[in-house]
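Colleague: could you look at this predicted model? Sequence included:
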Number of protein chains: 2
Amino acid sequence: MTKNVGILAIDIYFPPTCVQQEALETHDGASKGKYTIGLGQDCLGFCTEVEDVISMSLTVVSSLLEKYNVDPKQIGRLEVGSETVIDKSKSIKTFLMQIFEKCGNTDIEGVDSTNACYGGTAALFNCVNWVESSSWDGRYGLVVCTDSAVYAEGPARPTGGAAAIAMLIGPDAPIVFESKFRGSHMSHVYDFYKPNLASEYPVVDGKLSQTCYLMALDSCYKTFCAKYEKSTGKQFSLSDAAYFVFHSPYNKLVQKSFARLVFNDSVRKASSIDEGAKEKLAPFSTLSGDESYQSRDLEKVSQQVAKPLFEAKVQPTTLIPKQVGNMYTASLYAAFASLLHNKNSELSGKRVILFSYGSGLTATMFSLQLHEGQQPFSLSNIATVMNVPTKLKSRHEFSPEKFVETMHLMEHRYGAKDFVTSKDCSLLAPGTYYLTEVDYMYRRFYAKKPIDGASENCSLTNGH
Amino acid sequence: MTKNVGILAIDIYFPPTCVQQEALETHDGASKGKYTIGLGQDCLGFCTEVEDVISMSLTVVSSLLEKYNVDPKQIGRLEVGSETVIDKSKSIKTFLMQIFEKCGNTDIEGVDSTNACYGGTAALFNCVNWVESSSWDGRYGLVVCTDSAVYAEGPARPTGGAAAIAMLIGPDAPIVFESKFRGSHMSHVYDFYKPNLASEYPVVDGKLSQTCYLMALDSCYKTFCAKYEKSTGKQFSLSDAAYFVFHSPYNKLVQKSFARLVFNDSVRKASSIDEGAKEKLAPFSTLSGDESYQSRDLEKVSQQVAKPLFEAKVQPTTLIPKQVGNMYTASLYAAFASLLHNKNSELSGKRVILFSYGSGLTATMFSLQLHEGQQPFSLSNIATVMNVPTKLKSRHEFSPEKFVETMHLMEHRYGAKDFVTSKDCSLLAPGTYYLTEVDYMYRRFYAKKPIDGASENCSLTNGH
């Protein structure tokens, strides 16, 4: 079997348009700190009328291939995870084929995977399994997570966001899957779903969704630990991984989640918990599951106890999710990208645990082993290519009024046909794809903003 | 690596309600033979208001587990292929988790795969790869293809259909994947898509879709042959497989497709083509690709030349698709199920080639090797369990008027909330799940028709 299969390269794209959470608080008449401290969010990125999940994924795939110098013919599998439905039948993957058809490569397996924010993780597992299977043909896999998270006016709106991430998959990777240690929890719930087909907005029960997330986390951690212990003969504790990366609908839930793992370790009497912490958490060990999810005291005490470990093991993963917001399928991998940006080569030799959650619900905790790797597929080069600081710094802040106006326009554009966009790509970075038109047959047309001031406009065709 | 991974067991479900194509011709004022000979279809199955893609998949999964005596705890991966969107975020897979949660099994990977009629094939490949990968935990995979194909009034309406198929995946299977011989063709086209999110009906360009299908077939066959030849050192011809199974939107396209492969073999000078056939097809060998797709003469001559081979290698695959119609993701596997029904143990030692097509487009040609296998996972038992003749015979024929009336009701129900169904399960077989209610929050409730006249109603819960 092929060895050390995992992630060779990553690139991330998020829109250059954002709104500050602090400004949004004031605009919405929310109490001060409701979004910035209550949700733990700094800023919210969003698509304007010239961007969507298809343009973002075209942008990030082109960028990854170019920056890591990968020939499009070398891609043998391409999978997309998304919950932003523009067409109910035609996959986003087929739109991306435009990049590969130009080069004469149409023999590329894979389609789109869907379950809320989990689709990207499903696509990632599928791609890794493909490289390890007898159907692997020696070429690379490519996984794309692309989503635009938008909510109706109300308490959920500040938890929006938008981004696309591309990950190149193959053997001898700097980011290797430890596939034997993996715990999933899947179940039938209605915490967040999109049954109103004509609207881009979900139906969401925030409180239920948070409880489901924490329950799934407990269950995945339990299964993960059991498999680890069965495989290695040793008890797993939080000390056995350098970093923990969580799907991040908003930062506060990430804080709660890590505290919940600390509470789990204290109940399990794992080695990561010192005497002082044990004492503080002991009073809660007799709570029933349900009680423990509702207990404000437990939440408070466990977060306090977890704080030093959180700073060390989670804080470095929070930059992009706090700055861009919930990116649905891209959210977990944007958190992981934040870690790679912050720690790059220091991560060599370290284990990183990821927790993926998709409402509905599907959740998995899984483990990665990191190594520096070989150029161009090295931890340090991934950090360089992603260039997170420049991307964050070059964003344009919209006023809350202009953000709301944009959301209004997007509501009308969702599912619509027979319109042209402003084609205004002045805010976009060179090399960014943008939507120009949706014709009377709902066919979508995109163009690419020229790189290096070249005047030609690399319009994509409309297929056959 | 795990050996002989493939399909261990299959079950199929289609609604007990259908309309005769001949009656539909008369009702629609179509010329005699337009649907029965022009499309090559006998009958059209459809869901009434108590069935949908979720109920059908609940039915077929329960049935498979029960009939093959598989403990739900033995399932480690469950994937769904579908293009019938009831919720844009919450996967059909999460609805199916109800069956497994009851038994305490929530550690089941996999979500839904989407691209038109191809999603089931993607799910199938993913499951097979999982069993061959380092993340396999020794349990079975389960693939479900479920779709309801409905069209607006007009020429496409008689190409509807509905079904769900479940396939159990594992090692030492009677139906083994020859994964090295596989050719895919993926590309960006608008031949059939579903951009009108509020409507269940697709936008479809029938003529374009047929050309895309045949172009993709040519391309996949070319890649398939190249990989076969690279791997075995021998030229592949149609003689190297006992049967060819095609995605079947309507039977006429299957006839054209096989004729197209015969034409390919004649151009390639492959051994399957005798002197007489070679002579008849020679005049067309100089046509350009485009010309060849448009040539009525080529279509006619190649179908005539292909007829004896078609009768031997394709005819046994056509029963269910002709009787039920296009079942989208389930269509190809319903054709394969027809072959298993017709030939069961005789297939042992034979190679079968399948061609999967999903508009948009994604297509793959792949190869299976069949062996009798061990009870209960044997070719003969699969045929017995599926029990196709009884399922076909026990259907209820609706008049075209009643069919149209049902389609009207379903149009109003699609995407709707806050209604109860008739709960009339009198036409359904015992053990069939059915929709009882969609509440004010769009939450869907299902019940199961008791088996053996038991009076209790095994209602499913609404999750947490």
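Modeller: Perfect, I can see it now. Residues are numbered from 1 along each chain as shown, chains lettered A, B, ... in the order given.
Colleague: next one: A:I451, what pLDDT does it get?
Modeller: pLDDT, A:I451: 87.
Colleague: checking my notes, A:F366 in a strand, right?
Modeller: Yes: A:F366: assigned to a strand according to DSSP: H, G, I helix; E, B strand; the rest coil.
Colleague: with just CA atoms, put stretch A:5-23 into PDB.
Modeller: The C-alpha coordinates for stretch A:5-23 follow below in PDB (Å, rounded to 0.1, in the frame of the first residue of the first chain):
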ATOM      1  CA  VAL A   5      -0.700   9.500   2.200                       C
ATOM      2  CA  GLY A   6      -1.900  13.000   3.100                       C
ATOM      3  CA  ILE A   7      -2.000  16.700   2.200                       C
ATOM      4  CA  LEU A   8       0.900  17.800   0.000                       C
ATOM      5  CA  ALA A   9      -0.200  21.400  -0.500                       C
ATOM      6  CA  ILE A  10      -2.900  23.900   0.500                       C
ATOM      7  CA  ASP A  11      -4.100  27.200  -0.800                       C
ATOM      8  CA  ILE A  12      -6.900  29.400   0.600                       C
ATOM      9  CA  TYR A  13      -9.100  32.100  -0.900                       C
ATOM     10  CA  PHE A  14     -11.500  34.300   0.900                       C
ATOM     11  CA  PRO A  15     -13.300  37.400  -0.600                       C
ATOM     12  CA  PRO A  16     -11.600  40.700  -0.200                       C
ATOM     13  CA  THR A  17     -14.800  42.200   1.200                       C
ATOM     14  CA  CYS A  18     -15.600  42.200   4.900                       C
ATOM     15  CA  VAL A  19     -17.400  43.900   7.700                       C
ATOM     16  CA  GLN A  20     -16.100  44.500  11.300                       C
ATOM     17  CA  GLN A  21     -18.100  42.600  14.000                       C
ATOM     18  CA  GLU A  22     -17.800  45.600  16.300                       C
ATOM     19  CA  ALA A  23     -19.400  47.900  13.700                       C
END
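Colleague: centre of the chain to that stretch, how far?
Modeller: Its chain's C-alpha centre and that of stretch A:5-23 lie 9 Å apart, by C-alpha atoms, centre = their mean, to the nearest Å.
Colleague: check stretch A:17-30 too.
Modeller: With C-alpha atoms, centre = their mean, you get 23 Å for stretch A:17-30.
Colleague: next: stretch A:151-170.
Modeller: That offset, for stretch A:151-170, works out to 7 Å (C-alpha atoms, centre = their mean).
Colleague: mind listing what's buried in that stretch?
Modeller: A:151-152, A:156-170 (16 or more other C-beta atoms under 10 Å in any protein chain shown). (Glycine included, C-beta is placed from N, CA and C.)
Colleague: cool, stretch A:128-143 as well?
Modeller: Buried residues in stretch A:128-143 (16+ other C-beta under 10 Å): A:128-136, A:139-143.
Colleague: and for stretch A:343-356?
Modeller: So for stretch A:343-356, counting by 16+ other C-beta under 10 Å, buried means A:K343, A:N344, A:L347, A:S348, A:K350, A:V352, A:I353, A:L354, A:F355, A:S356.
Colleague: so which of the residues you listed is the closest to chain B?
Modeller: Among those, A:S356 lies closest to chain B (C-beta to the nearest C-beta), at 10.9 Å.
Colleague: element containing the nearest residue to that closest one once chain neighbours are set aside, please.
Modeller: Nearest in space to A:S356, with sequence neighbours left out and distances taken as C-beta to C-beta, 6 or more residues apart in numbering or on different chains, is A:T121 at 3.9 Å. Following DSSP states H and E, one finds A:T121 within helix A:119-132.
Colleague: show me how far that helix is from its chain's centre.
Modeller: 15 Å.
Colleague: can you give me the helices in the stretch 101-250 of chain A?
Modeller: A:119-132, A:206-232 (DSSP state H, counting those that start in this stretch).
Colleague: show the secondary-structure elements that the shortest one is packed against.
Modeller: Yep, that's helix A:119-132 we're talking about. strand A:75-81, strand A:112-114, strand A:140-149, strand A:161-170, helix A:331-343, strand A:351-358, strand A:362-370, helix B:119-132 (3 or more C-beta pairs under 8 Å, 6 or more residues apart in numbering or on different chains; DSSP states H and E).
Colleague: give me that answer again for 6 Å
Modeller: Contacts defined by 3 or more C-beta pairs under 6 Å, 6 or more residues apart in numbering or on different chains; DSSP states H and E place helix A:119-132 against strand A:75-81, strand A:112-114, strand A:140-149, helix B:119-132.
Colleague: what about the longest one, average pLDDT?
Modeller: What that stands for is helix B:119-132. 98.
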